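Colleague: Pasting the sequence and the predicted coordinates here, then a few questions.
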Protein chains: 2
Amino acid sequence: MPNKKRKVSINDVAKLAGVSITTVSRVINKVPTVTSANQSRVEKAIAELNYEPDANAQRLARGISNAVGFVIPGYPGIFYSYYAIELIRGVGHACEELHLDLIFHITNGYNDLNTSSVGGIIFADIIENRRQIEAALKVGIPCMVINNLVDDMDVNYIGIDNYRGGEIAADYLVSLGHHRLATISGSLQTQSGMQRLQGFRDYLKKHDVELTPDYICEGDYSRRSARDGMEKLLSLEHKGPPTALFIASDDMALEVIAVLTERGLKVPEDISVIGFDDNPSALYGPVALTTIRQPLFQMAANAVKRLSGIMQEKEDGLVQEILEPELVIRDSCAAL
Amino acid sequence: MPNKKRKVSINDVAKLAGVSITTVSRVINKVPTVTSANQSRVEKAIAELNYEPDANAQRLARGISNAVGFVIPGYPGIFYSYYAIELIRGVGHACEELHLDLIFHITNGYNDLNTSSVGGIIFADIIENRRQIEAALKVGIPCMVINNLVDDMDVNYIGIDNYRGGEIAADYLVSLGHHRLATISGSLQTQSGMQRLQGFRDYLKKHDVELTPDYICEGDYSRRSARDGMEKLLSLEHKGPPTALFIASDDMALEVIAVLTERGLKVPEDISVIGFDDNPSALYGPVALTTIRQPLFQMAANAVKRLSGIMQEKEDGLVQEILEPELVIRDSCAAL
DNA sequence: ATGAAAGCGCTAACAG
DNA sequence: CTGTTAGCGCTTTCAT
């Protein structure tokens, strides 16, 4: 039966153990200067009373917070992406490991974040969240942005070089002899979507490979948009269909391959496809997907660790880490 | 520039506004008995100092917590399911709406939950978490389990009748004239996986439709397991392939359809497929998926609301809600 | 090695 | 309507 009485406090433990609350506090915090006799009496009392220190009181007394906030933009689409899942997992596991409380926020960016109870905040992208970051920074709370390099604010970030990712994709496809290329981009509202496309496009331009405007299809990272995009691309037969496709996420690439399969086209024999993410789902299908890898889980976990360092003032200055994306060659691209 | 100085407190605001801290507290908490003159002075001071009340101090003083914990089992697979995502979204949005802090835990069930800072805990399934629930209950923290009906503990839960879901699937397929049925189950470690299978199997037995043991394939909700299962099913030609399939999640059903398509089989002409979830991804593919709907988002949001009621002692007794799953007929099943 | 006492920042009687 | 005051449960000097 749940005991609805007042919670057991440090006083109860002290009384039962016959020591002062200070001593109890010491054993809770593993301060070494406690006789083993007292130590075990206190531990016994704690066990007997089923005592657990009140985290709020601890934080208040310590003056520091071991909680980090995690902000995810509120639009539903983001959740259906491998991207968000991996970040949630990465941040979640790292917090569990470091014994940090993870306070989760889904927000459209317009309501105020309650920054007061956290020691730091992690933002998964910053679509609409600039104001919130500024507010947090103003009250002295360190922030960490994942996957969005920001150069107009003094804020920590960890992300990959998406522009470079686009270049790598283009380079690989061109090296295979393709010259009728098409792409389905990610959401152009996001920095990642924009930069992957730009890197891809710039590389082709630089190497004199034409990229017909019609062959640039704006997606939004959803499978739905990938399907629509691919169907549109397939209907554009004025100069022959593209022979190679750069798709801005593996999820979308999988959908594209599904569409192709339905139409009786074979990957990579009829058409090459390269994705982005290195999503394990893309490993075992009819054809293992060639892709550009970005280490989302590690980025997220690392964001927590670095932020935690900053919170404890062990790190100084700004953390601004840009990771290199990496080409992972599997079976979905073939030489022309 | 982040201000590294001591945080501004209610005292600073009181001083600047020329009132007592009580009055400041009153305007923070919207106590009506404050002259509008004072109110605006305080508000001005708050704005000027960029003050934000310390949530820890508030919770400590109020003696109650407006934070709820959310526990997700730690195995990675769960994250790649529509199920987990919808729960996260539902819980997240509801907390945002109710201004509750959401404290997120990914845990294998063996470490201790820090129950001390939350007023209630929500469990997304309870694979390995019974001990944690018992511990929380023992210190008087209300718990809410989603999607797992539990009859051996006095704990709140909200879920659907998965057994009934299995029956509905069987009933529909049989009503279409099918009698060579097969199924790919969810993880049999989970209650949902187990019960869907049992409902399906029991219904068929009751109606004298044979279900060859070979045609019961154990999956684990992953796309991977669905692919493997479907391939196994397709290789079992001793008495002709099944004409209809019950797949325990839409995600898996989608993968099954992909496999079928690769083999040149048509859904529903050659084989009927019914899924489970009502995942929007299954809406727009080559064939809109017939499925059994479970309102995950609403279940999760509702779990938060009911739990919040219990935390405020507005609700008494146990919340034990069992929702009916619902057949959603689209295009992936045809009469034999 | 231990304890007394002073807060941490806020809320909630209680007076006025 | 407003201010004084006593905690909330814990940590942390500072003595002892």
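Modeller: In hand now; what should we look at?
Colleague: hmm, which helix or strand of chain A has the shakiest average pLDDT?
Modeller: One helix or strand of chain A scores below all others by mean pLDDT, DSSP states H and E: helix A:130-138, with a mean of 88.
Colleague: Which strands border whichever helix or strand comes after it, and is each parallel or antiparallel?
Modeller: Sequence order places strand A:143-146 as the next helix or strand after helix A:130-138, per DSSP states H and E. Partners of strand A:143-146 in the sheet, by DSSP bridges, are strand A:120-124 (parallel), strand A:156-160 (parallel).
Colleague: Any buried residues in stretch A:257-275, and which?
Modeller: Under the neighbour-count criterion of 16 or more other C-beta atoms under 10 Å in any protein chain shown, stretch A:257-275 has A:257-262, A:267-268, A:271-275 buried. Just so you know, the C-beta spots here come from the backbone N, C-alpha and C atoms, and that holds for glycine as well.
Colleague: go on, stretch A:110-118?
Modeller: Buried residues in stretch A:110-118, counting neighbours by 16+ other C-beta under 10 Å, are found at A:L113, A:N114, A:T115, A:S116, A:S117, A:V118.
Colleague: Report the separation between the second one and B:R59.
Modeller: Think A:N114. Using C-beta to C-beta, to the nearest Å, A:N114 is found at 12 Å from B:R59.
Colleague: Same question for the third one.
Modeller: Here the criterion is C-beta to C-beta. By it, A:T115 lies 15 Å from B:R59.
Colleague: again with the fifth one
Modeller: Taking C-beta to C-beta as the measure, A:S117 falls 8 Å from B:R59.
Colleague: still on that earlier bit, grab the two from the buried residues of stretch A:110-118 that are most spread out in space.
Modeller: Using C-beta to C-beta, the two most remote members of those are A:L113 and A:S117, lying 10.3 Å apart.
Colleague: Now for A:H105: which residues touch it?
Modeller: Taking C-beta atoms under 8 Å, 6 or more residues apart in numbering or on different chains, we find A:H105 in contact with A:G69, A:F70, A:V71, A:I72, A:L113, B:G92, B:E96, B:L102.
Colleague: per-residue pLDDT, it?
Modeller: Per-residue pLDDT puts A:H105 at 92.
Colleague: A:S175 now?
Modeller: Looking at A:S175, its pLDDT is 98.
Colleague: Please report the number of neighbouring residues for it.
Modeller: Counted with other C-beta atoms under 10 Å in any protein chain shown, residues neighbouring A:S175 total 10.
Colleague: Tabulate the buried residues of stretch A:257-275 (TSV), appending secondary structure, distance to chain B and pLDDT.
Modeller: Output for those, formatted as TSV (DSSP: H, G, I helix; E, B strand; the rest coil; distance: C-beta to the nearest C-beta, whole Å; pLDDT from 0 to 100):
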residue	secondary structure	distance to chain B	pLDDT
A:I257	helix	9	96
A:A258	helix	6	93
A:V259	helix	8	94
A:L260	helix	11	95
A:T261	helix	6	92
A:E262	helix	5	90
A:V267	coil	11	95
A:P268	coil	15	96
A:I271	coil	16	97
A:S272	strand	18	98
A:V273	strand	15	98
A:I274	strand	20	98
A:G275	strand	16	98
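Colleague: Tell me where chain A is predicted with low confidence.
Modeller: For chain A, applying pLDDT under 70 flags the ranges A:1-6, A:238, A:314.
Colleague: for it, which residue is closest to the average position?
Modeller: A:L87 (3.0 Å; C-alpha atoms, centre = their mean).
Colleague: I'd say it and A:P295 touch.
Modeller: No - with contact defined as C-beta atoms under 8 Å, A:L87 does not reach A:P295; the gap is 11.3 Å.
Colleague: what packs against the helix or strand encompassing A:M194?
Modeller: If you go by DSSP H and E, A:M194 is part of helix A:191-206. Judged by 3 or more C-beta pairs under 8 Å, 6 or more residues apart in numbering or on different chains; DSSP states H and E, the packing partners of helix A:191-206 are helix A:162-175, strand A:181-184.
Colleague: now the strands for the stretch 201-336 of chain A?
Modeller: A:216-217, A:244-247, A:272-277, A:290-293, A:320-323, A:326-328 (DSSP state E, counting those that start in this stretch).
Colleague: What's the separation between the nearest residue to A:R131 once chain neighbours are set aside and A:Y221?
Modeller: Residue nearest to A:R131 in three dimensions, not counting chain neighbours: A:G109, with 6.7 Å by C-beta to C-beta, 6 or more residues apart in numbering or on different chains. Distance, A:G109 to A:Y221, by C-beta to C-beta: 18 Å.
Colleague: ok, the two, which is more surrounded?
Modeller: Legend: neighbour count by other C-beta under 10 Å for A:G109 and A:Y221, higher for A:Y221 (27 against 17).
Colleague: State the phi and psi torsions of A:H105.
Modeller: The phi/psi pair for A:H105 (degrees, to the nearest 10) reads phi -130, psi 130.
Colleague: So in terms of bridging, what pairs with it?
Modeller: For A:H105, the beta-bridge partners under DSSP bridges are A:V71.
Colleague: OK, contacts around the residue lying closest to A:E128 once chain neighbours are set aside?
Modeller: In space, and not counting its chain neighbours, A:E128 is closest to A:G109: 3.1 Å by C-beta to C-beta, 6+ apart. By C-beta under 8 Å, 6+ apart, A:G109 lies in contact with A:P73, A:G74, A:I127, A:E128, A:N129, A:R130, A:R131, A:Q132.
Colleague: swap the cut-off to 10 Å and go again
Modeller: A:V71, A:P73, A:G74, A:F123, A:I126, A:I127, A:E128, A:N129, A:R130, A:R131, A:Q132, A:I133 (C-beta atoms under 10 Å, 6 or more residues apart in numbering or on different chains).
Colleague: Can you classify it as helix, strand or coil?
Modeller: Secondary structure, DSSP: H, G, I helix; E, B strand; the rest coil: A:G109 is coil.
Colleague: Pull up the residues of the stretch 151-300 of chain A that are close to chain B.
Modeller: Taking C-beta under 10 Å from any C-beta of the partner chain as the criterion, the neighbours of chain B within the stretch 151-300 of chain A are A:154-155, A:222-224, A:227-228, A:251, A:254-255, A:257-259, A:261-264, A:279-281, A:283-287, A:297.
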